[in-house]
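Trainee: Make a model of this:
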Amino acid sequence: MYFSPLVKQELARIIPSNENEQKSELYAFIIMNGRVCQKRMLTIALDSPSMIKVVYILLKKIFLYEAKIEIDKINYRKKRYSIIISDKNKVKHILNTFKLEHDYHGKLIHSTLKGAERKQNIKDYSNKSFLRGAFLAGGFVNDPERMYHLEISCPSKVIARMIENVLHNFLFSAKMSFWQKKWTVYLKKSEEIFEFLGFIGVQRALLNFQDIIVRKDILNTVNRLVNCETANLDKTVASASRQLFYIDILAGEIGLDKLPPSIKDVARARMDHPYASIQELAEILGGGITKSGVFHRLKKIEEIANNYMSISES
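Mentor: Next comes the predicted model:
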């Protein structure tokens with residue numbers, strides 16, 4: 001199963017015992033997915049039966065209301081689930097409890113509220129439970145095996161700004177965007193997504209997420225080391241090939257025995273160990289010679305060979 005549904009399934013099993021937390025979560029569901037139709041019915045539409053179960057339980061715990069559940073088949077694979085409160089008085093009571101209004105089309109709005117009232121509307125509730133409800137209602141998190149991305153799709157800019165402000169209050173660097181006719185609040189950093197999942201109460205998915213992060217970090221480290229080692233090996237082979245080329249020139253032109261002893265020893269060591277690094281050549285030669293000493297002797301071989309090549313060309 002995909003990672004996001006696993007997170008939501010785990011969250012759906014968390015039903016707060018505190019009334020304020022229950023109201024906070026239900027409030028998020030209502031403003032995210034609620035709508036009042038012309039018959040004054042309140043409808044909360046969701047994609048998952050587990051989400052419907054959460055809303056149903058919350059309504060029953062907070063308001064003692066028995067809600068009606070409807071299922072609409074969108075296509076042969078997808079269904080739409082709805083919680084419906086048809087009693088006008090109950091709908092009015094729910095909206096008054098959460099200080100909500102609706103426009104002519106039945107869309108729940110906050111734009112008619114004053115800014116101070118809107119801020120107070122959030123302060124009245126548990127931010128953790130509000131974010132949990134908002135994520136359940138419109139959230140999505142990518143499989144961390146592929147990429148790091150968590151978002152909450154919102155029905156309006158006002159609600160998106162509200163969620164963004166709550167996240168900023170807890171030092172999450174959330175950002176907003178308008179995409180596919182919806183306002184979206186999102187997180188991109190792996191450490192922030194990890195912290196958010198922990199903040200809203202996920203445990204099993206959080207451990208899975210952490211395991212994937214650690215495994216990816218290890219693989220990235222191994223890949224970097226392998227790439228570095230490969231690059232160093234390629235460099236060593238290229239340098240060794242060039243050095244052997246110059247040694248062959250000297251062997252043919254003057255013979256290695258006519259070279260100074262220190263240079264001759266390095267040349268023979270290179271011929272005997274064509275793929276050894278300079279450090280390895282220094283260890284093979286011993287006698288207190290350093291890596292720098294071997295390097296300068298090889299450079300001297302190159303200079304002598306170039307001189308003989310210049311004489312030959314002239």
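
Trainee: Please enumerate the helices of the stretch 1-150 of the chain.
Mentor: Taking DSSP state H, counting those that start in this stretch as the criterion, the stretch 1-150 of the chain contains helices spanning 3-12, 19-33, 49-63, 88-97, 115-123, 127-138.

Trainee: and the shortest one, average pLDDT?
Mentor: In other words, helix 115-123. Rounded to a whole number, the mean pLDDT of helix 115-123 is 53.

Trainee: ok so, going back, out of the helices of the stretch 1-150 of the chain, which gets the lowest mean score?
Mentor: Comparing the helices of the stretch 1-150 of the chain by mean pLDDT, the weakest confidence falls on helix 115-123, with a mean of 53.

Trainee: I'd like the distance between the closest residue to F172 other than its chain neighbours and H149.
Mentor: Spatial nearest neighbour of F172, chain neighbours left out: E192 (5.5 Å); criterion: Cβ to Cβ, 6 or more residues apart in numbering. For glycine as for every other residue, the C-beta is placed from the backbone atoms N, C-alpha and C. In this structure, E192 and H149 are 11 Å apart, going by Cβ to Cβ, to the nearest Å.

Trainee: Same check on K175?
Mentor: Using Cβ to Cβ, one gets 11 Å for the distance from K175 to H149.

Trainee: Check K79 too.
Mentor: For K79, the distance to H149 equals 26 Å [Cβ to Cβ].

Trainee: same question, P5
Mentor: The gap separating P5 from H149 is 16 Å, by Cβ to Cβ.

Trainee: Also M41?
Mentor: In this structure, M41 and H149 are 36 Å apart, going by Cβ to Cβ.

Trainee: hang on, the earlier thing: please say which of K175 and H149 ends up with more neighbours.
Mentor: Here K175 and H149 are set side by side on neighbour count (other Cβ atoms under 10 Å), and the busier one is H149, at 16 against 13.

Trainee: I'd say the more buried one and S190 touch.
Mentor: No. Using Cβ atoms under 8 Å, H149 makes no contact with S190, being 9.8 Å away.

Trainee: so after the longest helix belonging to the chain, what's the next helix or strand?
Mentor: As far as residue count goes, and with DSSP state H defining each element, the longest helix of the chain is helix 204-253. With elements assigned by DSSP states H and E, the helix or strand that comes after helix 204-253 is helix 261-272.

Trainee: From the contact counts, what lies against that next one?
Mentor: The contact analysis (3 or more Cβ pairs under 8 Å, 6 or more residues apart in numbering; DSSP states H and E) places helix 261-272 against helix 204-253, helix 278-285, helix 291-313.

Trainee: Can you say which of those helices is packed in most?
Mentor: Ranked by average neighbour count under the criterion mean count of other Cβ atoms under 10 Å, these are headed by helix 278-285 at a mean of 18.

Trainee: do you know how far A240 is from H296?
Mentor: From A240 over to H296 the distance is 16 Å, taken as Cβ to Cβ.

Trainee: Please read the previous query as pertaining to N165.
Mentor: 65 Å.

Trainee: ok so, going back, which residues do K175 and H149 both contact?
Mentor: When contacts are counted by Cβ atoms under 8 Å, 6 or more residues apart in numbering, K175 and H149 are jointly contacted by Y186, K188.

Trainee: for V54, what are its contacts?
Mentor: Residues touching V54, when contacts are defined by Cβ under 8 Å, 6+ apart, comprise A12, I15, E25, F29, L136.

Trainee: and with 10 Å instead?
Mentor: Contacts for V54 were tallied using Cβ atoms under 10 Å, 6 or more residues apart in numbering; they are 8, 11-15, 25-26, 29, 46, 48, 83, 132-133, 136-137.

Trainee: if we can go back for a sec, what are the buried residues along the host helix or strand of the residue nearest to F172?
Mentor: Counting by DSSP H and E, the element that carries E192 is helix 190-199. For helix 190-199, the buried set under the neighbour-count rule, 16 or more other Cβ atoms under 10 Å, comprises S190, E192, I193, F194, E195, F196, L197, F199.

Trainee: from memory M147 sits against K188, does it?
Mentor: Yes. With contact defined as Cβ atoms under 10 Å, M147 reaches K188; the gap is 9.0 Å.

Trainee: Give me the more crowded residue out of the two.
Mentor: The neighbour comparison of M147 against K188 (other Cβ under 10 Å) goes to K188, with 14 against 9.

Trainee: quick one, phi/psi of that one?
Mentor: With angles defined as degrees, to the nearest 10, K188 shows backbone torsions of phi -120, psi -20.

Trainee: Distance-wise, check it relative to D103.
Mentor: Spatial separation of K188 from D103 under the definition Cβ to Cβ is 33 Å.

Trainee: how close does D124 get to N20?
Mentor: Counting by Cβ to Cβ, the gap between D124 and N20 amounts to 8 Å.

Trainee: whoops, K8 was the one
Mentor: Separation of K8 from N20 (Cβ to Cβ): 23 Å.

Trainee: Many thanks, we can stop here.
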